[in-house]
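> Mind folding the following:
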Amino acid sequence: MKYPMRRKDRQMSEEFAYEIADKCVFASLATVNEDGSPYCIPVNIARNGRRLYFHSAKAGQKIENLRRNNAVCLCCVGDTNVPDGRFTMEFESAVIYGHARELTAEAEKVEALRLICMRHAPGNMDDFSNAMERSLERTSVWTIEIDEITGKRKKYDSEGTEMTWGRME
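Okay, here's the model as predicted:
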């Protein structure tokens, strides 16, 4: 593990972490600026096995950073809740480390965009071909090879006891 988890009692399985990545509304993508400072931005993701996909404009800080240094970290947040009568937050999250690569083959780009659209806008797929005609040339599509994924959760059972070590209710 690249960065050992401090609260091992809240660590969940790799399968759980993938479930969080698959259901998060967006992920926060962290890259490194030229001066070594962090840069973090939300992206819509879709996953196929140990690969994530996201799209972007062809220019901007994120793209400059990825072309210079393709190491990335993503944070995905699933369900959250503030329990009644407590000053805490129930949460579920996944942290992903990997390396990004821009897709250049048209077929790969279209398939990645299809995965992203199926995940985030399945009701709009009737217009997918038209959207590709309008925007494929100006869209950058990236894949991230997952090197490591960890999941974490803080959740209370119906009796108000925190469920640790992956315990489910």
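> buried stuff in stretch 152-169?
Going by neighbour count (16 or more other C-beta atoms under 10 Å), the buried part of stretch 152-169 is K152, R153, K154, K155, M163. The C-beta positions use only the backbone N, C-alpha and C, and glycine is treated the same way.
> Quick check: can you name the pairing partners of the helix or strand hosting T143 and their directions?
Applying DSSP states H and E as the criterion places T143 in strand 139-154. Sheet pairing for strand 139-154, assigned by DSSP bridges, gives strand 11-12 (antiparallel), strand 51-57 (antiparallel), strand 90-103 (antiparallel).
> longest helix anywhere in the chain?
helix 106-120 (DSSP state H).
> following it, which helix or strand shows up next?
Immediately after helix 106-120, counting by DSSP H and E, sits helix 128-135.
> If you count contacts, what does that next one end up packed against?
In terms of contacts (3 or more C-beta pairs under 8 Å, 6 or more residues apart in numbering; DSSP states H and E), helix 128-135 is packed against helix 106-120.
> What residues sit buried inside the helix it packs on?
Quick answer for helix 106-120 (16+ other C-beta under 10 Å): K109, V110, A112, L113, L115, I116, C117.
> Since that was my last question, I'll sign off now.
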